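In: Sharing a model that was predicted from the sequence below.
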Amino acid sequence: MLIAGNWKMNMGYQQALSFLLEFNKLVKKEDKDSFIFFPPAPLSLIFEKEKFYWGSQNIYQKIKGALTGENSVQLFKEMGATFCLLGHSERRYIFGETDVDIEKKFSLVQEQALIPVLCIGESLSERFQKNKVLIKKLSWIKQYNKYEKLPFHPEKLPPDFKDLSFIVAYEPLWSIGTGEIPSVSELEDVISLIKEDFPTVKVFYGGSVSLENALSLSCDKLDGFLIGSESVNPHSFYGIYKQIKSC
Ligand code: 13P
C-alpha cells in the first residue's frame, strides 16, 4: 500500500523543512517509495531535492496563458512531480469545480505524463445511494481516459503501479475531517464497484485516517491511503505506515 499525504493549506515553509528533517530520520531509504506527498504549490521546490514521490494538489485546465495566480501541470512535471490530485471535494464544493473542469484537467495531466489521482465521494445525504453518485462521477472517464496503462516513464513509479493510467481516491465527504469512517465492507463494496469498470485502476481511501483506525480500515483490496490532517505530523504519518507494513 502507498501512504499519501495531502497537506492542503496546512503547511508552512519552515514547518515543511522541520517535517522532512524529522521524517527522513524515521523512514528507511528502501521505504521511501511507499509515500506520496501533495504539498502546497510553492513547497514543490523542496520536493525537487527529496527522494519521495510527490504531486500537485491542483492544476489549471490549460498549459499556459495569461492566467494570474494559476499553476500549470507542465511546471509541476518539470519540477519532478509524478501525480496530480484532481476533483478533491474541497475543490468541488469550496471552489465550484465541475466535472467538466475536472475532465479537462484529467486529459492534460495524462498528456503531460503525470498520474491523475481522481477524488470521488458522496455527501452524507447521498450515502445510501452512493453507488449511483460514484458511478456518475466516474462515467466520463471512459471517454477521457486515453490509456489502458501508462505509456510513460514507469521507472518513476512503485513496481505495483505500472499497469495503470489513473488512481481513484474514494473520499466520502461525511468522513473528511470528521472522525467518521466507513465500515470495511462498505469500503470493499466501493472498491469492487470501481474495479468492475476499471480493473487496472488503483484505489485509495481518504477521510479521517488516523493512527487509531488505519489498521481497521486497511483491507486486501485497498491500494493506499490519502491522509489529510494526520499527514502534517511526521510521527503520525510514519506511524500509520508502520502499522500497515507490520500487518
Ligand atoms: P482528513 O484526513 O483530514 O479527514 O482529510 C482527508 C482528505 O481530504 C485527504 O485528501
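Out: Cool, the structure landed.
In: how many neighbours does the closest residue to the ligand within the chain have?
Out: The ligand sits closest to Gly228 of the chain, with a gap of 2.2 Å, by Cβ to the nearest ligand atom. In short, each C-beta sits where N, CA and C put it, glycine included. Using other Cβ atoms under 10 Å, Gly228 has 21 neighbouring residues.
In: Distance-wise, check the nearest residue to Met11 once chain neighbours are set aside relative to Lys104.
Out: Distances taken as Cβ to Cβ, 6 or more residues apart in numbering place Val232 nearest to Met11, at 5.7 Å, with adjacent residues excluded. According to Cβ to Cβ, to the nearest Å, Val232 and Lys104 sit 30 Å apart.
In: repeat for Ser34
Out: Counting by Cβ to Cβ, the gap from Ser34 to Lys104 is 31 Å.
In: Which parts of this structure are strands?
Out: 2-6, 35-38, 53-56, 83-86, 115-120, 167-170, 202-206, 224-227 (DSSP state E).
In: May I see those strands arranged in a markdown table, with mean neighbour count and mean pLDDT as well?
Out: Below are the strands of the chain laid out as a markdown table (neighbours: other Cβ atoms under 10 Å; pLDDT from 0 to 100):
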| stretch | mean neighbour count | mean pLDDT |
| --- | --- | --- |
| strand 2-6 | 25 | 97 |
| strand 35-38 | 25 | 97 |
| strand 53-56 | 24 | 96 |
| strand 83-86 | 26 | 97 |
| strand 115-120 | 25 | 96 |
| strand 167-170 | 26 | 96 |
| strand 202-206 | 24 | 96 |
| strand 224-227 | 25 | 98 |
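In: the more surrounded of Val232 and Lys104?
Out: Val232 (19 against 16).
In: where in this structure is pLDDT low?
Out: Within the chain, the segments meeting pLDDT under 70 span 151-155.
In: can we see that at 90?
Out: Applying pLDDT under 90 to the chain picks out residues 1, 48-49, 51, 111-113, 128, 136-165, 197, 199-200, 218-220, 245-247.
In: Do a quick rundown of the helices in it.
Out: 13-26, 44-48, 73-78, 89-94, 99-111, 130-139, 141-144, 184-197, 214-217, 234-246 (DSSP state H).
In: Same list, these, but as CSV with distance to Phe204 please.
Out: CSV is the format used below for the helices of the chain (distance: least, Cβ to Cβ, whole Å):
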stretch, distance to Phe204
helix 13-26, 20
helix 44-48, 19
helix 73-78, 19
helix 89-94, 14
helix 99-111, 16
helix 130-139, 14
helix 141-144, 16
helix 184-197, 10
helix 214-217, 11
helix 234-246, 12
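In: What residues does the chain have near the ligand?
Out: 6, 88, 171, 176-177, 206-209, 226-229 (Cβ under 6 Å from any ligand atom).
In: Glu70 contacts Lys64, doesn't it?
Out: No. Contact criterion Cβ atoms under 8 Å: Glu70 and Lys64 do not qualify, at 10.1 Å.
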